[in-house]
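[1] Sharing a model that was predicted from the sequence below.
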Amino acid sequence: MLTAGPIDAYVASLSGALRGPRAAKADLVTEARDGLADAAARYEEDGLDRAAAERAAVEEFGAVADLAPEYQRELALAQGRRTAILVGTAVAAQSIVSELAWRSAAAGWTWQPNRAYAVLANAVDYTAYAVVAGALLAALACGIGSRYVDVGRSFVRATGIAAIAVVAFFAAGGLLLTAFSPFGHHHGTTTLVSATATVVTATLPIWMSYSGLRCVRAAG
């Protein structure tokens, strides 16, 4: 059985200590491996054998426990950025599809919402605008903004929790709006718009919740 060299063992340990988007994690681990390989090559040129050169490179690189927090911060920011973009895009898409579905289903209706229904509908609409704007700001903060603002894992954790809260709010709001409108009791022919709305409203909340949970995990 072949025994992993010092670099392979170090990289495996580093990879096991990190959590986050697969591609971003792979890039960080590959960057670390390449740096270690270059350092080991220099030590070999100085006369050390391969095993000794790898051990020296690992020692120079630093302990996993010391480096992992900074690597993890980068992965957390990547996950936060992805989640924010997803939430903003998903809420905008849901709003558009729901509006189209509503207009399609309500063609020819004379029903007028009462004050409580109108207040709830407006609250849902304005919250959607606020969420899209907030998601854009969060994505910028986790991306290029992290160069200028001290954004860390606590911010990413808050982004994940906010994503889950957004799902809960719109799920509750959507159920209430549907239940207390004629659309909630309408059993007409299924159209392409209504079928699309059903798929979107069922799929995107699951995706957003999962991404939010990944934020919390990456920020842990």
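    Noted; the coordinates are in hand.
[2] packing partners for the longest helix along the chain?
    The helix spanning the most residues in the chain, taking DSSP state H as the definition, is helix 64-105. Where contact means 3 or more C-beta pairs under 8 Å, 6 or more residues apart in numbering; DSSP states H and E, helix 64-105 is packed against helix 6-17, helix 22-45, helix 115-142, helix 153-179, helix 192-218. C-beta: built from backbone N, CA, C; applies to glycine.
[3] Reformat those helices as TSV; add distance to V87.
    Shown next, in TSV, are those (distance: least, C-beta to C-beta, whole Å):
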stretch	distance to V87
helix 6-17	28
helix 22-45	18
helix 115-142	5
helix 153-179	5
helix 192-218	6
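[4] and R19, which of the three is it?
    When states are read from DSSP: H, G, I helix; E, B strand; the rest coil, the local structure at R19 comes out as coil.
[5] Number the chain from 389, please
    Taking 389 as the first residue, the last one we looked at is R407.
[6] Can you tell me the closest non-neighbouring residue to it?
    By the measure of C-beta to C-beta, 6 or more residues apart in numbering, the closest residue to R407 outside its immediate chain neighbours is A606, 5.2 Å from it.
[7] Relative to A412, how far out is the one you found?
    Distance check for A606 against A412: by C-beta to C-beta, to the nearest Å, it reads 10 Å.
[8] neighbour count winner among those two?
    A606 (28 against 20; other C-beta atoms under 10 Å).
[9] Quick one: residues contacting that one.
    For A606, the residues meeting the contact criterion (C-beta atoms under 8 Å, 6 or more residues apart in numbering) are 407-408, 460, 463-464, 467-468, 541, 544.
[10] quick one, the longest helix of the chain and helix 410-433 angle?
    Angle between the axes of helix 452-493 and helix 410-433 is 160 degrees (criterion: axes from the mean of the first three to the mean of the last three C-alpha atoms, to 10 degrees).
[11] Secondary structure class of the residue located most distally from the centre of the chain, three-state.
    Ranked by distance from the centre of the chain (C-alpha atoms, centre = their mean), the top residue is G435, with 47.1 Å. Secondary structure for G435, judged by three-state DSSP, is coil.
[12] ok, and the closest non-adjacent residue to the residue nearest to the spatial centre of the chain?
    Among the residues of the chain, the one closest to the centroid is T471, at 2.3 Å (C-alpha atoms, centre = their mean). Nearest residue to T471 in three dimensions, chain neighbours excluded: S599, at 4.3 Å (C-beta to C-beta, 6+ apart).
[13] What number of residues are in the vicinity of the closest residue to I473 other than its chain neighbours?
    Residue nearest to I473 in three dimensions, not counting chain neighbours: A527, with 5.0 Å by C-beta to C-beta, 6+ apart. A527: 22 surrounding residues under other C-beta under 10 Å.
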